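K.L.:
fold the stuff below for me.
(chains A and B)
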Amino acid sequence: GNSVTQMEGPVTLSEEAFLTINCTYTATGYPSLFWYVQYPGEGLQLLLKATKADDKGSNKGFEATYRKETTSFHLEKGSVQVSDSAVYFCALGGNEKLTFGTGTRLTIIP
Amino acid sequence: DAGVIQSPRHEVTEMGQEVTLRCKPISGHDYLFWYRQTMMRGLELLIYFNNNVPIDDSGMPEDRFSAKMPNASFSTLKIQPSEPRDSAVYFCASSFRRRLNEKLFFGSGTQLSVL
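P.N.:
Sure, this is the predicted structure:
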């Protein structure tokens, strides 16, 4: 079945540091891949997505590239801000439902 | 649109009591999902509906859990009797014509504490 393995946290970085959160997946067929973000006290919201191999999703300075050869979808940002502190979830889209990773808690310190 | 609306935001109850969580999806959405989030297990899909019909309830942990969707604008998740290990954040999410490249819209969740 489908599964997502996500970098365990928590991750703590200083403001303006470079961020990478690793995500690899196992799936049959050609799923879509997503990153969702959860800010404190809120529900998850879509951050970015990619629907086919070599696609790059981007939003709010975050990027992730759909790598079929390495079955990966790593999240990156060149310079993080305090406001990026949140929990990040990698997800894989199947026929009708999403399979989520366990989430990575990111804390950015000024 | 007001988004997915869940109530209550917080629920504190005692073991053995019945708990009912409520969800109003975004108007026009035809898929509704119930998730549970815990530190230990992350985000788990409990059940989802399409056009008010339950499609997959394989994630429902026990018979103590039940979910209904009597119409397109309302769903409930009921736990009876509740136990301390049910303490978690429960999220409802909805989507339109769920396909591989669609996204889910999540509510703000219900924080459930069973004492």
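
K.L.:
only C-alpha atoms from now on, for both contacts and neighbour counts.
P.N.:
Will do.

K.L.:
let me know how buried the residue nearest to A:Tyr39 when sequence neighbours are not counted is, in neighbour terms.
P.N.:
Nearest non-adjacent residue to A:Tyr39, counting by CA to CA, 6 or more residues apart in numbering or on different chains: A:Ala86, 4.8 Å away. A:Ala86 has 17 neighbouring residues, counting by other CA atoms under 10 Å in any protein chain shown.

K.L.:
neighbouring strands of the lowest-mean-pLDDT helix or strand in chain A in the sheet, and parallel or not?
P.N.:
Here the helix or strand of chain A ranked lowest by mean pLDDT, DSSP states H and E is strand A:98-100, holding a mean of 88. Using DSSP bridges, the strands paired with strand A:98-100 are strand A:86-93 (antiparallel).

K.L.:
and the strand it pairs with, how far from the chain's centre?
P.N.:
Centre-to-centre, strand A:86-93 and its host chain are 5 Å apart (CA atoms, centre = their mean, to the nearest Å).

K.L.:
and the average pLDDT for it is what?
P.N.:
Mean per-residue pLDDT for strand A:86-93: 94.

K.L.:
and that strand, what's buried?
P.N.:
A:Ala86, A:Val87, A:Tyr88, A:Phe89, A:Cys90, A:Ala91, A:Leu92, A:Gly93 (16 or more other CA atoms under 10 Å in any protein chain shown).

K.L.:
considering the residues you listed, which is situated nearest to chain B?
P.N.:
A:Gly93 (5.3 Å; CA to the nearest CA).

K.L.:
run through the bridge partners of the closest one.
P.N.:
A:Ser32, A:Leu98.

K.L.:
that one contacts A:Trp35, correct?
P.N.:
No - counting by CA atoms under 8 Å, A:Trp35 is not a contact partner of A:Gly93; they are 10.9 Å apart.

K.L.:
what sits against the residue most central in space within chain B?
P.N.:
Note on chain B: the residue nearest the mean C-alpha position is B:Trp34, at 3.1 Å, using CA atoms, centre = their mean. Contact analysis of B:Trp34 by CA atoms under 8 Å, 6 or more residues apart in numbering or on different chains lists B:Leu45, B:Leu46, B:Ile47, B:Tyr48, B:Leu77, B:Tyr90, B:Phe91, B:Cys92, B:Ala93.
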